[in-house]
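Student: coordinates only, sequence not included:
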């Protein structure tokens, strides 16, 4: 019989080879984005060198154990939840060489911009591809032919502009870059109008050489903020040192005819939270609302016992530049999630388990009109009843609403909730609200006991409530068994508010389309 105990196995690093990348596909429209290199940054903080957390983007995979399950019921004997009709959706990108997909994207007034691990494409609002897939390494001269990874896409409704961010890394010679590509919505189908800028991945001069991993991407009315986890070289033995926060004026970032941008950077001691812990995986908020205010961020810190907490951060302009403030708030104990199971697999067959995520927040979303910031991660939960197995601790989604106060320490965790179901596992949650304040969470889900393959889901939570309605966006089609051992899945999803109809939310998720292939799926969901 399975129990709720957990243990961590040895973290194994598998460096991805540059030679795995496919050749770039031709794109519609003429030219490539004009590439620039950013100017010298203003840096606050120094190398803190305080942690041994491991990188995630180079196939460093926590082989977390999953307790064994007694299985009096046969797998696949129960019916899945009844799907709820959602807006039209379409298959987007697929890449047989990349695992996991790192699926991301955003919807603007006229187009969708989507990306996965090594490529991006543009679609019109009918789902017709208008820019064929482009390999990310072709978007800036500083990344051509190099290893690129971890794309993120947002749509900035204040400037009607998409922003794509991806990372570049190599061990010898040591190299780390952060590349941004601004894509005007009006001309997203013409790559010649895009503006690409390259930043050093290591913005702290004179400190230990580090490379940037697992970016976060957010914005307010005037600035874009990019966060990364900073690791020592080489990737095989990389050690986490600190989180890095870059906030950048949009003017030079979005328009290559203006002066190259000079970021303001917080790192090292400046990204320690107010309890003295070095923040890991800071998430800048994507912002909506008529008065967006300063940039907000979130992070989570597990602590032994019941003292786990999240931290809300604020980048505030001052007379001399910017200041990074923070305030921590208790969340109650959050336990580490197990690996998930999937349809077609025995719950005790480790080869078919999948990585549902961990304590890292995947994104943050600030609804300025409601003055609410939302974020979510994957946790352990023991739902009941376990009618098929007798005992089945689950991977679940836990989301939070934080109401930030003018004095940040007076902020409160106003709501928190759990999304999941008995004998099913969910993970990789991303959050956003619609114009009514309804919270949307997109995530992956699968279950061996229920015979559910890896599928794309959305849940909605009304304002002031913690009760969710779960919607199946696209079912998985096959048992996913792409690698030996537990399957890579994630490492993130995406969604954003439709700028033409605030009650619609665009979701970017994935499902298992075959035994060895994930498929990105884009849809529009409403709770209207």
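Tutor: It's in. These numbers were taken from a predicted model, which means no experiment stands behind them. Residues are numbered from 1 along each chain as shown.

Student: from memory residue 184 sits against residue 155, does it?
Tutor: No: look at residue 184 against residue 155 with CB atoms under 8 Å: they stay out of range, at 11.2 Å. For the C-beta atoms, the positions are set from N, CA and C on the backbone; glycine is no exception.

Student: looking at those two, which is more packed in?
Tutor: For residue 184 and residue 155, the more surrounded residue by other CB atoms under 10 Å is residue 155, and the numbers stand at 26 against 18.

Student: so who does that one touch?
Tutor: The contact partners of residue 155, by CB atoms under 8 Å, 6 or more residues apart in numbering, come to 106, 107, 108, 113, 161, 162, 185, 496, 499.

Student: now for residue 184 and residue 155: what residues contact both?
Tutor: Joint contacts of residue 184 and residue 155 (CB under 8 Å, 6+ apart) are 161, 162.

Student: show me where this protein dips below the pLDDT cut-off.
Tutor: By pLDDT under 70, the weakly predicted segments of the chain are 1-32, 47-52, 57-87.

Student: skipping adjacent residues, who's closest to residue 243 in space?
Tutor: Once flanking residues are discounted, residue 243 sits nearest to residue 271: 4.3 Å by CB to CB, 6 or more residues apart in numbering.

Student: count of neighbours near the one you found?
Tutor: Residues lying near residue 271 (other CB under 10 Å) number 26.

Student: and for the one 3 residues further on?
Tutor: Using other CB under 10 Å, residue 274 has 14 neighbouring residues.

Student: gap between it and residue 408?
Tutor: For residue 274, the distance to residue 408 equals 9 Å [CB to CB, to the nearest Å].

Student: just checking, what packs against the host helix or strand of residue 458?
Tutor: Using DSSP states H and E, residue 458 falls within strand 452-461. The contact analysis (3 or more CB pairs under 8 Å, 6 or more residues apart in numbering; DSSP states H and E) places strand 452-461 against strand 439-447, strand 469-474, strand 504-512, strand 518-526.

Student: re the thing from before, now, among the contacts of residue 155, which is nearest to residue 318?
Tutor: Nearest to residue 318 among the contacts of residue 155 is residue 161, at 26.8 Å by CB to CB.

Student: follow-up on the earlier one: can I get the contacts of residue 155 in TSV with secondary structure, distance to residue 392 and neighbour count?
Tutor: Listed next are those as TSV, based on DSSP: H, G, I helix; E, B strand; the rest coil; distance: CB to CB, whole Å; neighbours: other CB atoms under 10 Å:
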residue	secondary structure	distance to residue 392	neighbour count
106	strand	36	28
107	strand	36	29
108	coil	41	25
113	strand	39	25
161	strand	45	24
162	strand	41	26
185	helix	45	20
496	strand	34	24
499	coil	41	19
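
Student: would you turn the residues you listed into TSV with distance to residue 211?
Tutor: Converted to TSV, those look like this (distance: CB to CB, whole Å):
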residue	distance to residue 211
106	26
107	32
108	31
113	26
161	28
162	26
185	32
496	28
499	35
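
Student: could I get the full set of helices for this structure?
Tutor: Under the criterion DSSP state H, helices of the chain are mapped to 250-254.

Student: residue 178: how many residues sit nearby?
Tutor: Residues contacting residue 178 under the criterion other CB under 10 Å number 25.

Student: ok, the nearest residue to it once chain neighbours are set aside - contacts?
Tutor: Of all residues beyond its chain neighbours, the one nearest residue 178 is residue 199 (4.4 Å), with distances taken as CB to CB, 6+ apart. Residues near residue 199 by CB under 8 Å, 6+ apart: 37, 38, 41, 177, 178, 179, 180, 226, 246, 263.

Student: so what sits opposite the fourth one in the bridge?
Tutor: With beta bridges defined as DSSP bridges, residue 177 has these partners: residue 168, residue 200.

Student: how far away is it from residue 148?
Tutor: Look at residue 177 and residue 148: by CB to CB, they are 9 Å apart.

Student: kindly report the same for the second one.
Tutor: Going from residue 38 to residue 148 by CB to CB gives 17 Å.

Student: again, but for the first one
Tutor: With distances defined as CB to CB, the gap from residue 37 to residue 148 amounts to 16 Å.

Student: so these two - more neighbours on which side?
Tutor: The residue with more neighbours, out of residue 37 and residue 148, is residue 148; 25 against 14, by other CB under 10 Å.

Student: how distant is stretch 219-236 from the center of its chain?
Tutor: Once both centres are worked out by CA atoms, centre = their mean, to the nearest Å, stretch 219-236 turns out to sit 13 Å from its chain's centre.

Student: flag every buried residue along it.
Tutor: Going by neighbour count (16 or more other CB atoms under 10 Å), the buried part of stretch 219-236 is 219-233, 235.

Student: mind checking which of these are in strands?
Tutor: Residues of these located in strands (DSSP state E): 219, 223, 224, 225, 226, 227, 228, 229, 230, 231, 232.

Student: who does the fifth one bridge with?
Tutor: When you say that, I think you mean residue 226. Using DSSP bridges, the beta-bridge partners of residue 226 come out as residue 217, residue 246.

Student: what sits against it?
Tutor: 165, 178, 180, 199, 215, 216, 217, 245, 246, 248, 284.
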